[in-house]
Structure formats: C-alpha cells, structure tokens
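Colleague: How does the following fold in three dimensions:
(chains A and B)
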Amino acid sequence: MSKILIRGAKVLGGEPQDVLIDGETIAAVGSGLSDEGAQVVEADGKVLLPGLVDLHTHLREPGREDSETVLTGTRAAASGGYTSVFAMANTFPVADTAGVVEQVYRLGQEHGYCDVQPIGAVTVGLEGRKLAELGAMHESAAGVTVFSDDGKCVDDAVIMRRALEYVKAFGGVVAQHAQEPRLTEGAQMNEGIVSAELGLGGWPAVAEESIIARDVLLAEHVSSRVHICHLSTAGSVEIVRWAKSRGIDVTAEVTPHHLLLTDELVRTYDPVYKVNPPLRTERDVLALREALADGTIDIVATDHAPHPHEDKDCEWAAAAMGMVGLETALSVVQQTMVDSGLLDWAAVAERMSFAPARIGRATGHGRPVSAGEPANLTLVDPAYRGAVDPAGFASRSRNTPYEGRELPGRVTYTWLRGRATLVDGKLA
Amino acid sequence: MQRHLISAADLTRDDAVLILDTAEEMARVADRPIKKLPTLRGRTVVNLFFEDSTRTRISFEAAEKRLSADVINFTAKGSSVSKGESLKDTAQTLEAMGVDAVVIRHGASGAPYRLATSGWIDAAVINAGDGTHQHPTQALLDAFTMRRRLVGRDAGLGQDLAGKRITLVGDVLHSRVARSNVDLLHTLGADVTLVAPPTLVPVGIESWPCEVAYDLDGTLPKSDAVMLLRVQRERMNAAFFPTEREYSRRYGLDGDRMARMPEHAIVMHPGPMVRGMEITAEVADSDRCTAVEQVSNGVSIRMAVLYLLLGGNEPAITHTRPSNERSIPADEEK
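Modeller: Modelled structure (predicted):
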C-alpha cells in the first residue's frame, strides 16, 4: 500500500499540520512533512478527524435488501466519513444467533468500505421474552459486544435486568430502545400541541423517560453499564444527568435529526418526517444540544434507517418510521453544534468517533490522530455549503428529511486503514 | 377559498359565511318539485370512501346529483385497495378516468392532505372525514344549523356566529367533528367550550381556541347550543372511562339536564346517535334536537362546497344562479 501525505489539515480543528499515512497506519504528524513517494492531498482549510464511528445503523441485510444492503450501507457510511458502523439486529432473520452476526460481519469485511460491527439481539426474535445466545454471539467471529432489541424496547424489567447482568461476563453493553409499549400503542408522532391538532396518535415523552429511569436504576442495582439509544426528550436528558451524577455507568446517544428537526414538520403529513422516537419540540431540541455539549449525552448516532420509496410515498399512518442519516450526519452536527458555537471539532471527534468506539469496544477505531495509530481518518471541508440532493446518495434509500435543505460541510476524503474509501467526495 | 377543502382551519370568516349563504340558496332547490341544478353537468366527482360511512357518502352523493355531476362511488371494501393497492395508485387510477373532484373519507389522519399536496393528482380534494383530524363539511353543516336556529334563516344571511356560546360534549380526543367545529366556530366568532372526561381530552389542547371543562352541569346554563359527540362503547375497554353507565351519568344529556339549558338553546348531534349513552331518547326526539335537520342541511352545505370549489373555478360555466352571486376569491393556496 502506498503512502499518502495530507498537507495542511487542521487536525481535530487545531493548527494546520501534515499527516503522513504509510500503509495502514499513521506514520507521522507534524509541520513541513515531506515524502517523495507519497500521494499528496492538499487539505488547506479542511478539518481532519478520526474516522467516524456510528453506534446505531440499520443496514437491512439480510432480509430487506430492497432498502439497503451491507454494500450500499457501508458505501453510504464511507460517504459520510464513517470507518466503523454498528449494524442493528432487526434484520430478517433477526441477528440473534452467531450465524447471522457472522454473515453481516463478513459482508462488511468483503466489501471493504467500512468496518461493520454487528449488534446482537438481546432477546430471541426481538420478542422480549427469552435471552438470545449473547455469549455465542460475543465469541463468534463477529465478536459482538453491543446488544440491542432496537426497534423494540426490552420492556420486561426482569429480562432487562438479566441482560444487563449477563453481558458483564464479557464486557458487553445493552443498548436500550426506550419506549414503554403500552403508552405508545398506535403512536404516530410526539404527543403535544401538534398531535392534538393533527389528530395523530401521541407518543408521549414519558414513555421514553420512564424506561430510561427504570434502566439506569437497574444498571445501578446490578453494577452494569447501560447505553440509551436515540434519546429524544428534555426529560430524558434530566434523568441521564441525574444518573451520571450518581455515578451510574450510563451512556446516551442522540441522532442528528433530533438535534435539528421538530414536530412542527409533521404538519405537512409528509412521512419523510416519521421516525421513532418521533421528532419532538423546540424545547427538547435545545435541551439535547445542550446535553451533547456538556457531555450528558455522550455521542451522536445516526439511527440510519433506510426505507424503500413506496413505504414513504403514502399516507402518514401507513408509512414506515425512520430516516437515512449516514450521509448527512456530520453536516447536521456542524450546523447545530459547531457553527452554533456549542462544540469545537475536537469535541465533535469525541462524540462521533472516540466515545462511540469506546462504548462499543470497536478495536482500531476512535483512536487519536497520531503516529503509530491506524489510519482511519476523515477529511471535512467545513466551508462547503450546499443543498442536500438525495439523488447523489450512496444509500439505496432516499428517505431523508433534508432534501433541498442547505447544510454546511462536506466530507471529502475517508481513509479506512490507509485505503481511501472516499476521494474528493466520490466513493473509491 | 382554496382549490381543496381539507380542514375547517383553512377557511377564513368570509369563506365560511359565503359557504353558509350559498347553502341557503342551495336549500331552496330542495323545496322545488325538481330538486336539480345543471351547475356541474359534465363534471365527474368520485366519492372515495376508505371507511364505511353510509350517511356521509349518501349526503355527498345527493349533493352531487342535485348539481347534475356524474358520480362514481368507490368503496375500499372489495376493491383493489383490499388487495394492497396504495392510496396513490388508487387516486391516480381514478383521475386517469377523468375525475374533476375527489371526495375522500379515510381512516388515516392527513390522507386527504397528502392527496391534495403530494402531486399525485390534480383534481380538487374534499375531505369527508380523515381519521381523528378533520371533517370540515360536518362543521359547516353544524354552523349552518346553528345560524338558522340561533340567528334566523333570512336574518342570518351574511352573518357569522359572533358571541354564540357553543358547548361540545364527549370524546374530543378521537373526534374529527370536535376539531373541525372548534376551528370553524372560532373563525365565525363563537365562544366554544369542550366538555369531556379528562381522559378524552387530548394532551396539547391548550393551543385550541376554546375553553375546556370537565363538568357538564356548570356549562349547560351558559350554552346556546349543546352538541353531543358520539362516544364509542369500546373506549371503556381502553380505560378512558369505567362503564357506559358512569359515562352516561356524568356526561350524557337527559331531560333534566336539557331543562337547565336556556330556553332557546338547541341540542345537536352529528350522528349516529348512541341513545342511552350520550343522549336519552327523550332528548333525541325533542323539538330542541336538530339531528335530523343537520342531515338535510348537510346536503345543502355539500352542494355549496362542490359548487364553490368546482363551479367557481370556471366562471364561464352556465348555471341558473342569479347574476349577483359572489365569486370565489382567488386566494393563494397555503
């Protein structure tokens, strides 16, 4: 593998530096580096970040290859600056056995655009009744460490307790989709002023908050760590903040769309805004941004949820929930957190690479940009401005809520262990 | 007025008064030996009903036929929809047959809005009730009934419902009738109070332009009209209220309660009535109850809406209405 010299990049947003990649690793970081054999990438004005890590991606394979495959999903990931994605377990069949997680893992390795770390289901068939073979999935070639029934809540308190306890044996973590099922029967959108007007079934904040409150207490009781998926309400922030102040080992994620969009958009009845958990209010959005800034929320995770066109080109109630996010995540974070002054780029690296890699134990990812480290890197042009055009997406699906919206920033290069997966904004 | 009628909230005061006045003219047609106008001759209206609603469908059909429109009735049951065809494909199929207007009843809130705004079809869309969202022609016929009874048939022309105190009682949470009525009655200047057990009041109601009360008896003496909303028995299985009897005792309108209303006040019901639940037979059959009147007013209102949406877009069309009629304001679409 050849050498690459990235010249004049603001490493983690700091002073311009040169970064020399040799093979799969970073050989040197400094000023005035030169190497005659190296291919030079001029990075004046660009920001160099560690390769992004997404702890919450739906790749849909096996089973829903009409919406996404491991190939198209990892190409989308590379386009968005990701070098590692955690693939959720709600496939068909469900990723609740060593066989399924190994298949997904191998597909990621074969395609080579982005490392795919499968997430194992907590319970058999995501049904919430019987623990899946968590140990077998961990010991498989996929080496699963994150377990989640995402899409469904592990609502049975005893099953949740056991899962939290059981995965401690191998350093695993349970990622909870916090949604009290009885409180959200028929739920179509955030319950509040807009749902009252639109006559759409309400998804109350308390349905998320009550599960988070229960789970942080369970985690405390059994001395386990717990991760909260796609936290979406101001109340959830308060509970996680309280839990952390108590020393409970909880981590939490927020999606880009919950940092930017509100339930006012549902007034269009356009299902492109239908997502679970639902878009909340302005007050929630501001609380989530503040919590991401102060570290109460640890990471940004996309909840990239591809759906075929026909599942969104219909009436609201009939539409699928979810949005694609891999290819717009960094831009939304730049707009909501960086350009607004809440986070600098080093903090973005923490929340989109270092911390998610730590939580998911993603070996070789989320490492510092320094000599001797794996060359998993993302180069961003923060000065770019452009309208989102889903026709240019690498994802097989186009269900983005940002179509036509102007967002800042653009990923120009992504390197996975020294190999460029994205070159000047185009997939390699 | 817009090209479509999706929500009562989209109507301005002048739009609404124009519709009510036009409906009075249409009502006169019903008094003729031949109850028919040639206004929509050669135009095709489809009644696209994804939910069973015989009375609303028949009311629209009667209105369409009295305006001489060609009528196609499409019910989802037994059609391609039950075989998995999407709303979009169904609508496009119908439009390809040359439909000028789609009257749609759908169980999903927002379905008519999607039909009107997604670029699927060009036809005018009239919402005949969508989920728990809106039922604008119901609100219009209710307002029409109130204006006739509380202001007067002739005296009401050009008038709104300023200062009238209207009370709606029942399952507000699941009611598109309640939402439409609150919007329209507010636009027409009425003071609206909703009465329901707290379980049947939506979270987020604080933004609605109305009062909310849990006590019916305190509200009755201050009401010019009391409208009862249908309460489905199955709601008690979801713990919205304990039993039918308890609901009836606390929120049902019986003779004793009716006696507490001002003498001129009317009792309204959009139907179908559940006698013994929200209304006793004594009240339902009394002179003060306008339920049957509402049905005939529904035809006049729907004629007016169809005329204004379809006829008004083509000023060259020949019809029998007097030349001093008002034309549709060409407001831009929201």
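Colleague: and chain A, which residues reach chain B?
Modeller: Residues of chain A lying near chain B by Cβ under 8 Å from any Cβ of the partner chain: A:188, A:191-200, A:202, A:204, A:268-270, A:310, A:313-318. Placement of C-beta: from N, CA and C, glycine included.
Colleague: Which pLDDT value belongs to residue 198?
Modeller: By default, I'm working from chain A. Residue A:198 is assigned 98 on the pLDDT scale.
Colleague: wrong one, I was asking about chain B
Modeller: 97.
Colleague: The residues of chain A next to chain B in strands, which ones?
Modeller: Mapping the residues of chain A next to chain B onto strands (DSSP state E) picks out residue A:202.
Colleague: Show me which residues of the stretch 51-200 of chain B sit near chain A.
Modeller: Residues of the stretch 51-200 of chain B found near chain A (Cβ under 8 Å from any Cβ) are B:86-88, B:106-111, B:113-114, B:117-118, B:130-134, B:176, B:179.
Colleague: Sort out for me which of these are in strands.
Modeller: Counting by DSSP E, those place B:106, B:130 in strands.
Colleague: Using the three-state scheme, assign residue 36.
Modeller: As the question left the chain open, I've gone with chain A. Following DSSP: H, G, I helix; E, B strand; the rest coil, residue A:36 is assigned to coil.
Colleague: that's the wrong chain, I meant chain B
Modeller: Recorded secondary structure, residue B:36: coil (three-state DSSP).
Colleague: how does chain A divide into domains?
Modeller: As given by automatic domain parsing, the domain ranges for chain A are A:3-47+A:373-395+A:402-427, A:51-360.
Colleague: now do chain B
Modeller: B:8-135+B:294-311, B:136-291.
Colleague: In a markdown table: these, plus mean neighbour count.
Modeller: Shown next, in a markdown table, are the domains of chain B (neighbours: other Cβ atoms under 10 Å in any protein chain shown):
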| stretch | mean neighbour count |
| --- | --- |
| domain B:8-135+B:294-311 | 20 |
| domain B:136-291 | 19 |
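Colleague: of all the ones you listed, which has the lowest average per-residue confidence?
Modeller: Note on these: lowest mean pLDDT is at domain B:8-135+B:294-311, with a mean of 92.
Colleague: Tell me who's in contact with residue B:66.
Modeller: Residues in contact with residue B:66 (Cβ atoms under 8 Å, 6 or more residues apart in numbering or on different chains) are B:26, B:29, B:30, B:35, B:36, B:37, B:299, B:303.
Colleague: one more time with 6 Å
Modeller: For residue B:66, the contacting residues are B:35, B:36, B:303, by Cβ atoms under 6 Å, 6 or more residues apart in numbering or on different chains.
Colleague: Go through the residues you listed and say which is closest to chain A.
Modeller: Among these, residue B:303 lies closest to chain A (Cβ to the nearest Cβ), at 26.6 Å.
Colleague: And the closest one, how far from residue B:168?
Modeller: Residue B:303 sits 25 Å away from residue B:168, going by Cβ to Cβ, to the nearest Å.
Colleague: same deal with residue A:234?
Modeller: Residue A:234 sits 33 Å away from residue B:168 when distances are taken as Cβ to Cβ.
Colleague: Same question for residue A:305.
Modeller: Distance of residue A:305 to residue B:168, given as Cβ to Cβ: 40 Å.
Colleague: Go ahead and flag the most central residue of chain A.
Modeller: Residue closest to the mean C-alpha point of chain A, counted by Cα atoms, centre = their mean, is residue A:301 at 2.4 Å.
Colleague: Could you give the backbone dihedrals for that residue?
Modeller: With angles defined as degrees, to the nearest 10, residue A:301 sits at phi -130, psi 140.
Colleague: Please apply the same query to residue B:65.
Modeller: Phi and psi for residue B:65, reported as degrees, to the nearest 10, are phi -70, psi -40.
Colleague: ok, for it, nearest residue in space, not its chain neighbours?
Modeller: Nearest non-adjacent residue to residue B:65, counting by Cβ to Cβ, 6 or more residues apart in numbering or on different chains: residue B:71, 6.1 Å away.
Colleague: and the one you found, which of the three is it?
Modeller: Secondary structure, three-state DSSP: residue B:71 is strand.
Colleague: and what of residue B:104?
Modeller: Per three-state DSSP, residue B:104 ends up strand.
Colleague: hang on, it packs against residue B:110?
Modeller: No. With contact defined as Cβ atoms under 6 Å, residue B:104 does not reach residue B:110; the gap is 11.3 Å.
Colleague: coming back round to it: in ChimeraX, how would I select the buried members of the residues of chain A next to chain B?
Modeller: Listed next is the ChimeraX selection for buried residues among these, using 16 or more other Cβ atoms under 10 Å in any protein chain shown:
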select /A:188,191,192,193,194,195,196,197,198,199,200,202,204,269,270,313,314,315,316,317,318
